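J.: how would this look folded up:
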Amino acid sequence: MWDEREIQQQIGVINGKVQPDFIIQNATYLHSIFKKWMTGNIWIKGDRIVYAGEKMPAMTDGAEIVDATGKRIVPGYIEPHVHPFQLYNPETFADYAGKLGTTTFLSDNLTFFLLLKNNRAFKLIDQLNELPFSFYWWARFDSQTVLQNETDVFNEEAIGEWLNRKDVLMGGELTGWPRLMNGDPNLTASVVRAKQAGKKIEGHFPGASERTLARMKLLGVDGDHEAMTTEEVEARLLQGYAVTLRHSSIRPDLPTLLKGVVDKELDVFDHLMMTTDGSTPSFHIDGVMDKCIQVALEAGVKPIDAYLMASYNVARYYGIDDRHGIIATGRYATLNFLEDETNPIPTDVLSKGKWLKRNGQETAQFERVDWSLVPDFEPDFDLDEKDFEFKHAVGIKMVNDVITKPYEVTLDLTVDKLSTEHDESFLMLIDRNGKWRVNTFIKGFANEVQGFASSYSNTGDVILIGKDKKAMLLAFQEMKRLKGGMVLIEDGEVAASIPLIIGGGLSAEHMDLLIEQELVLKKALAERGYKHGDAVYTFLFLQSTHLPYIRATEVGIYQVMRNEVIVPATER
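T.: Sure thing, here's the model as predicted:
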């Protein structure tokens, strides 16, 4: 944080021996503890607030003086549950979100954990910490799918190295919570170690009964973000959980949840947080945490409560309120300047003492992260005719974007091209190193997608979908040429694509361009019959065994409720 030299400089400002870097005069700012608007002056040295109150410093020469007359100043917004790998990467997401006032991120580590050795992952995180944002992390205990080498990857030593980091604040999220409830020794050991290290444990309990919630609380879980009704919010609060309300591209629940809380006159806002829960890029066209605050205001939440749900409540719960969430001495100089309290989009953003936005304009770019630490996606194998053999009549039927059920395939399994008069397609999951494949059919995806390939998936393995085996092969070859990405092929040509050159799963482009690319791809898929809400999540969750009922995984077609493989993977 701050070394002795920096602290002495900061004290020198108080003693009148050193001038501050910034003086924000005539500030009307939200004090998170008093829960009211204060007026005064804010002194800043480096990236730290050294004083907030009525006084002016003795030395002002050389300081940048900012007149905040007419503005309201609130703490920088905190995203408490972000998956910063949804096509974007942590750097580009923070760059985009920061201009809108979201400057602190509690981030999923799953992609780093699966793609990289810990030493490389930590080098990237250390680089991210040099940026004018604040990154904190989770430590995952399970893969949310079935891996061939699960216990080798998610071992206590590797997880423990994450838990030993001070910037790791949370264990989980517990997508594999049934294993914990059933006494799985590896998961239990990870939870115990996290609790001993003082980390919070985040659950993943959609539709959980009161009995399940009670059991998981006794096992050490502190919070949950899966409430889908106001009654589920109440049930979690009743059991003593911290509750994070979700507003995401596949679960935009926040308006309904908050309206229910307001209508029931539940005085619980001090115990609520909000999240966009890893939404895909285009969901953020109209904001990040500023978007959640706007939803809260429109639902009738009092402005101060709305802002604290996206700042102080998070900081207090995770034990970082000595640095974040309060405009007071000793905290990071991370401030959002608003035209008024009813508009959460800031006109000016100061983050760790650096201007990200000034008078409505973006400021200079910061130094970039070295993403070459992530190995390139360069499959050294090709597909041949034998790889496109489909022998099993068990298929995957889409109920919505992410829920899938088994169905019996009655098609001719030997054809190379399927009719566009139905919505069944070929589906292949292929090891990113070419060691195995899983071939099946998917119903309900689309009726006119000829060939689609994606290196973006839960595990970084390759997904192929389509009506035409030749088009699927072309999509795979184009994806290889791009060194990763999503590719849609029609009549032998690329109809839409998103290059994902960071490890095959992340874009290096700025969010604005990535949003455009995603919208083009989603439109192209919709024109060819994809009728669900978010295709990107479909590709991400095809392998995800924390969702019912059937999944394509590294070990084969997996029946989630029975914990069994019904069609094994084929070795190549």
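
J.: just list the residues touching Leu521, thanks.
T.: Met486, Leu488, Ala496, Ser497, Ile498, Ala535 (C-beta atoms under 8 Å, 6 or more residues apart in numbering). C-beta here means a position set from N, CA and C on the backbone, and glycine is covered the same way.

J.: rerun at 6 Å
T.: Counting by C-beta atoms under 6 Å, 6 or more residues apart in numbering, Leu521 touches Ala496, Ile498.

J.: quickly note the distance from it to Ala495.
T.: 9 Å (C-beta to C-beta, to the nearest Å).

J.: list the beta-bridge partners for the closest residue to His81 other than its chain neighbours.
T.: Leaving aside its sequence neighbours, His81 sits nearest to Thr275 (C-beta to C-beta, 6 or more residues apart in numbering; 3.9 Å). Thr275 forms beta bridges with Arg246, as assigned by DSSP bridges.

J.: who touches Thr275 in this structure?
T.: Thr275 neighbours (C-beta under 6 Å, 6+ apart): Pro80, His81, Thr244, Arg246.

J.: ok, and what's touching the host helix or strand of the second one?
T.: Applying DSSP states H and E as the criterion places His81 in strand 77-82. Outside strand 77-82, the residues within contact range by C-beta under 6 Å, 6+ apart are 101-102, 104-107, 225, 244, 273, 275, 277, 289, 310-311, 314.

J.: among these, which pair sits farthest apart?
T.: Gly101 and His225 (20.9 Å; C-beta to C-beta).

J.: settle it for me: which of these two has more neighbours?
T.: Gly101 (31 against 25; other C-beta atoms under 10 Å).

J.: re earlier: the strand holding His81: what's the following helix or strand?
T.: Strand 77-82 is succeeded, C-terminally, by helix 90-99 (DSSP H and E).

J.: which residues touch the residue nearest to Lys352 when sequence neighbours are not counted?
T.: Excluding the flanking residues, the one nearest Lys352 by C-beta to C-beta, 6+ apart is Asp47, at 4.0 Å. Residues near Asp47 by C-beta under 6 Å, 6+ apart: Tyr332, Ala333, Lys352, Gly353.

J.: burial of the last one, as a residue count?
T.: This means Gly353. Neighbours around Gly353, by other C-beta under 10 Å: 18.

J.: and the second one, by the same measure?
T.: Residues contacting Ala333 under the criterion other C-beta under 10 Å number 24.

J.: and the gap between it and Trp177?
T.: Applying C-beta to C-beta to Ala333 and Trp177 gives a distance of 39 Å.

J.: strands of the stretch 251-400 of the chain, start to end?
T.: In the stretch 251-400 of the chain, the strands defined using DSSP state E, counting those that start in this stretch lie at 272-275, 335-338, 348-351, 354-358, 361-362, 394-398.

J.: using JSON lines, please lay out those strands together with distance to Asp152 and mean pLDDT.
T.: JSON lines is the format used below for the strands of the stretch 251-400 of the chain (distance: least, C-beta to C-beta, whole Å; pLDDT from 0 to 100):
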{"stretch": "strand 272-275", "distance to Asp152": "31", "mean pLDDT": "98"}
{"stretch": "strand 335-338", "distance to Asp152": "44", "mean pLDDT": "98"}
{"stretch": "strand 348-351", "distance to Asp152": "39", "mean pLDDT": "98"}
{"stretch": "strand 354-358", "distance to Asp152": "41", "mean pLDDT": "97"}
{"stretch": "strand 361-362", "distance to Asp152": "44", "mean pLDDT": "92"}
{"stretch": "strand 394-398", "distance to Asp152": "27", "mean pLDDT": "97"}
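
J.: need those strands in a markdown table with distance to Leu147, can you?
T.: Converted to a markdown table, the strands of the stretch 251-400 of the chain look like this (distance: least, C-beta to C-beta, whole Å):
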| stretch | distance to Leu147 |
| --- | --- |
| strand 272-275 | 26 |
| strand 335-338 | 41 |
| strand 348-351 | 37 |
| strand 354-358 | 39 |
| strand 361-362 | 41 |
| strand 394-398 | 19 |
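
J.: which one of the contacts of strand 77-82 sits closest to Glu157?
T.: Once C-beta to C-beta is applied, the member of the contacts of strand 77-82 that ends up nearest Glu157 is Ser107, at 21.9 Å.

J.: quick one: residues contacting Lys357.
T.: Lys357 touches Lys99, Asp348, Val349, counting by C-beta under 6 Å, 6+ apart.

J.: which residue, other than its chain neighbours, is closest to it?
T.: For Lys357, the spatially nearest residue (C-beta to C-beta, 6+ apart) is Val349, at 4.2 Å.

J.: quick one: Ile489 is in a strand?
T.: Yes: assessed by DSSP: H, G, I helix; E, B strand; the rest coil, Ile489 belongs to a strand.

J.: spit out the contact partners of the nearest residue to it once chain neighbours are set aside.
T.: In this structure, Ile489 finds its nearest non-sequential neighbour in Gly451, 3.9 Å apart by C-beta to C-beta, 6+ apart. Listed by C-beta under 6 Å, 6+ apart, the contact set of Gly451 reads Gly466, Asp468, Ala471, Met472, Leu474, Ala475, Ile489.

J.: just those residues: which are in strands?
T.: When DSSP state E defines the strands, the subset of these inside them is Gly466, Ile489.

J.: got the contacts of Gly451 as TSV, with pLDDT, neighbour count and distance to Lys259 columns?
T.: Shown next, in TSV, are those (pLDDT from 0 to 100; neighbours: other C-beta atoms under 10 Å; distance: C-beta to C-beta, whole Å):
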residue	pLDDT	neighbour count	distance to Lys259
Gly466	98	29	42
Asp468	98	22	47
Ala471	98	24	46
Met472	98	26	45
Leu474	98	21	48
Ala475	98	29	43
Ile489	98	27	44
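
J.: closest to Tyr456 out of the contacts of Gly451?
T.: For the contacts of Gly451, the nearest to Tyr456 is Ala475 (13.1 Å; C-beta to C-beta).

J.: just checking, that closest one touches Met486?
T.: No: counting by C-beta atoms under 6 Å, Ala475 sits too far from Met486 to count as a contact (9.0 Å).

J.: which of the contacts of Gly451 lies closest to Phe112?
T.: Using C-beta to C-beta, the contacts of Gly451 come closest to Phe112 at Ala475, 27.3 Å.

J.: and the nearest residue to Arg368 once chain neighbours are set aside, what's its pLDDT?
T.: Leaving aside its sequence neighbours, Arg368 sits nearest to Glu91 (C-beta to C-beta, 6+ apart; 7.1 Å). Per-residue confidence (pLDDT) for Glu91: 97.

J.: so Glu91 is in contact with Val369, correct?
T.: Yes: counting by C-beta under 6 Å, Glu91 does reach Val369; the two are 4.8 Å apart.

J.: so how far is the lowest-mean-pLDDT helix or strand in the chain off the chain centroid?
T.: In the chain, no helix or strand scores lower on mean pLDDT, DSSP states H and E than helix 150-153, which sits at a mean of 89. The chain centre lies 23 Å from the centre of helix 150-153; the measure is C-alpha atoms, centre = their mean, to the nearest Å.

J.: what average pLDDT does the helix or strand following it get?
T.: For helix 150-153, the following helix or strand on the C-terminal side (DSSP H and E) is helix 156-163. Averaged across helix 156-163, the pLDDT comes to 96.
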